[in-house]
Each structure stands twice: as C-alpha cells, then as structure tokens.
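S.K.: A structural model of the following input is requested.
(one chain, ligands or ions: 2)
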Amino acid sequence: MTMAKQKSKYDIEKLTELASLTAKLVDEIGDLVKPSVTAMDLENFALEKCQEEGVEPAFLGYEGYKYALCVSVNDEVVHALPTADKVFKVGDVVSVDFGLKLNGYYSDHCRTFPVGKLKPQHQRLLQVGEQAVLNAIKQAKIGNKIGDLSYQMQSTAESADFSVVSTYVGHAIGKKLHESPEIPAIGKPGTGETLQENMVLCIECQVCENSAQLIHDQDGWTTRTVDKGYSVMFEHMVLTTPNGPRILTKLKK
Ligand code: MF3
Ligand code: CO
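M.R.: Numbering: from 1, shown residues only. Ligands and ions are numbered 1, 2, ... in the order given. Predicted coordinates for the structure are as follows:
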C-alpha cells in the first residue's frame, strides 16, 4: 500500500516531530566536523544518539546499506560511506545525510559542513548549494508544479556557474523513505505534478563546482565527480500548507 500523497493530521504531527529531531542531530553532528575527526566518529555519534532517543537510523539496512550516515567529502557526491580512513582536514566540505525511522515514519535530511576555512570557490559552492534548495522550497506552494522547484535548483546552480546532478532526485516521504512524486533538480517551470495541501517533500540537490558527470566506486555506493571537482548537498523536509511551505528540518535555535 502506498501512502496518500496528502498526509493526515496525525501523519504530519509524527513527521514534524521526527524531522525536528533529525535537524537537531544533524546539527550536532555538524558541530563535530573538525580537522582530524573521522567520518566513522560521526557514524558512532549518530548511532549513540539513535539509541539515546529511541529511534532507528533509516538508512541502515536500506537496500543493504550498512551505516546510519552517508558522509560525502569533497569530490564525493552522494551515498559515500562513513569509514575511519576518512580523516577531515581544513578545506574539506563534508555532507552529512541522515534519516530516522520511528513508529513506521521516516525522515531524511542533509547538510554540508565546511572544515575550517574553505577556498573562496568552495565557500561560494556551499552558499549556492544551500540557496538552490531554499529557492526551490520557496516554490513549494499549493498549485505550483514540481518543475517550478526543479527549475529553481537548476537555475540557481547554473547561474552561479556550477552544475547540478540530475540522476539523484528529491521525493515525498512518509511511511516510506522514498515516495512519489520525484523531485528532479533539473526541469522547466509549469511542468510536472501539481502540489497539493499537506504533502511532505524532501527537496534536495547536489551541486558540483565543475562537471556533474559522475562515477561509482567499487564499494557499490560512493558516487563522485569524474573531474574530482567538489560537490555539496542539501536536503530539507518541507510541508505544503495554505500559508506556504513550512521547513520541517529547520533548526529551532
Ligand atoms: N538521502 C538519501 C536519498 O534520499 C538516502 C540514501 S539511503 C542509503 O537517496 F541507504 F543509500 F543511504
Ligand atoms: Co532524500
């Protein structure tokens, strides 16, 4: 049974709580991202936090994935493994992708963190990557089309002379991690499915400093840029409401 695209009041309550916890944990993980810390340190912290909070890591066991986190550093674009040989150093960009599961509901959230001071070009990449998702979120209004969101991600990245990955897409979320509709990071305004009230959408994109042509590692998961250019990723859970989009993974600080 696939879940209705328009969530019930109860679904929304549960998804809101879980998204909010996920945002808090990703933020805490981000605070650990410093020189000489390893991706495995982040993974261990994430697993501990799941225990403490009584939630399950959503990615662990998902299609055979063996970890709670995806930690994609520099030229790694998505689904990179949080291994101990990944030691952070000044100038790195570290994306932390983390999902939770509780009472049958899922969350999915990603932010990219800088390690110390970045090169100006990478600082700009980070800002543009985040802005691409925020611009798409602004279009998540009832009556708008999926393509309105896609177009924002593509045009924000490309007008800054960066490129956007088209093979990995955003999605709705609920009692499954990936629900329909898909939300590509490239597209044209006015195309695709129409947004309705009470949809919960994962709006995400990966932005690359050079080409968005990708290769896959032997590990079966890690995806990186062919030209070794750096890549960043952001993903938020967003609820469509009559008052406009509400970001469920926003930090309450
Ligand atoms: N946030 C990732 C996505 O939406 C989740 C990946 S699940 C994993 O594709 F198992 F691949 F890690
Ligand atoms: Co996702």
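
S.K.: Nearest to ligand 1 within the stretch 101-250 of the chain, name that residue for me.
M.R.: Residue of the stretch 101-250 of the chain nearest ligand 1, by CB to the nearest ligand atom: Asp108 (4.8 Å). C-beta here means a position set from N, CA and C on the backbone, and glycine is covered the same way.

S.K.: distance of that residue from His178?
M.R.: Distance check for Asp108 against His178: by CB to CB, to the nearest Å, it reads 8 Å.

S.K.: Give me the residues contacting the lengthiest helix in the chain.
M.R.: The helix that spans the most residues within the chain, counting by DSSP state H, is helix 9-32. Around helix 9-32, the neighbours that count as contacts under CB atoms under 8 Å, 6 or more residues apart in numbering are 3, 7, 41-42, 45-46, 49, 53, 55, 69, 96, 98-100, 102-103, 105-111, 113, 173-175, 198, 200, 237, 239, 248-252.

S.K.: list the buried ones in the helix or strand following that helix?
M.R.: Downstream of helix 9-32, the first helix or strand assigned by DSSP states H and E is helix 39-53. Applying a neighbour-count criterion of 16 or more other CB atoms under 10 Å, one finds Ala39, Met40, Asp41, Leu42, Glu43, Phe45, Ala46, Lys49, Cys50 buried in helix 39-53.

S.K.: quick one: contacts of helix 39-53?
M.R.: Contacts for helix 39-53 (CB under 8 Å, 6+ apart): 21, 25, 28-29, 32-33, 56-57, 67-69, 71, 73, 80-84, 86, 88, 94, 96, 98, 100.

S.K.: and those residues near ligand 2, which?
M.R.: Among the contacts of helix 39-53, no residue sits close to ligand 2 (CB under 5 Å from the ion).

S.K.: I'd like to know which of the residues you listed are buried.
M.R.: Buried, going by 16+ other CB under 10 Å: 21, 25, 29, 33, 56-57, 67-69, 71, 73, 80-82, 86, 88, 94, 96, 98, 100, out of these.
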